[in-house]
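**Student:** Predicted model and sequence below, questions to follow.
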Amino acid sequence: MDGVDMLQDMLDRQAALQARLPRFADSVSQTQRLIDNAEMAACEAVEWKNGLPWKKHRQDYGRVLTSQELEHVLEEIVDVLHFVLNGFLVAGVTTSEEVYARFLTKHQVNHKRQNDGY
């Protein structure tokens, strides 16, 4: 997608999808919508984890995924992304520039934490 801001396209597409869903209507408070999206992202993250051989006591811990398993994991990661995008939108962050600026700020904090032995 040459010349297209792909993050902005995802935000716009997600906003259009959310506009179609009555449970995200303006009658629901911003705080409740943030809570709902955080809960849904967390549930999808658990599904992501459950698609992996993560139990250390099992023989298959950390084994290489089959291509079908990897596809399932990627689908769950995208589900998490949908709810992360919703969180930004609900919080009023509607442009890729805003997301990117917030990412860079937090990224610097994370580097500092690593440098400081966090």
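**Tutor:** Perfect, I can see it now. Residues are numbered from 1 along each chain as shown.
**Student:** where along this protein do the strands fall?
**Tutor:** With DSSP state E as the definition, the chain shows no strands.
**Student:** and the spatially most central residue of it, how far is that from Ser29?
**Tutor:** In the chain, the C-alpha closest to the average C-alpha coordinate belongs to Leu81, at a distance of 2.8 Å (Cα atoms, centre = their mean). Taking Cβ to Cβ, to the nearest Å as the criterion, Leu81 is separated from Ser29 by 24 Å. C-beta here means a position set from N, CA and C on the backbone, and glycine is covered the same way.
**Student:** before we move on, what about Asp2?
**Tutor:** Relative to Ser29, Asp2 is positioned 40 Å away (criterion: Cβ to Cβ).
**Student:** could you give me the average pLDDT of the helix ranked longest in the chain?
**Tutor:** In the chain, assigned by DSSP state H, the helix with the most residues is helix 67-90. Per-residue confidence for helix 67-90 averages out to 97 on the pLDDT scale.
**Student:** And that helix, how far out from the chain middle?
**Tutor:** In terms of Cα atoms, centre = their mean, to the nearest Å, the centre of helix 67-90 is found 6 Å from the chain centre.
**Student:** Specify which residues of this protein, grouped into ranges, have pLDDT under the cut-off.
**Tutor:** Scanning the chain with the threshold set as pLDDT under 70 gives 1, 23-26.
**Student:** now the helices for it?
**Tutor:** Using DSSP H, the helices of the chain run over 6-19, 30-50, 67-90, 96-115.
**Student:** on that earlier part again, would you mind pulling up the elements that the longest helix of the chain packs against?
**Tutor:** For helix 67-90, the packing partners by 3 or more Cβ pairs under 8 Å, 6 or more residues apart in numbering; DSSP states H and E come out as helix 6-19, helix 30-50.
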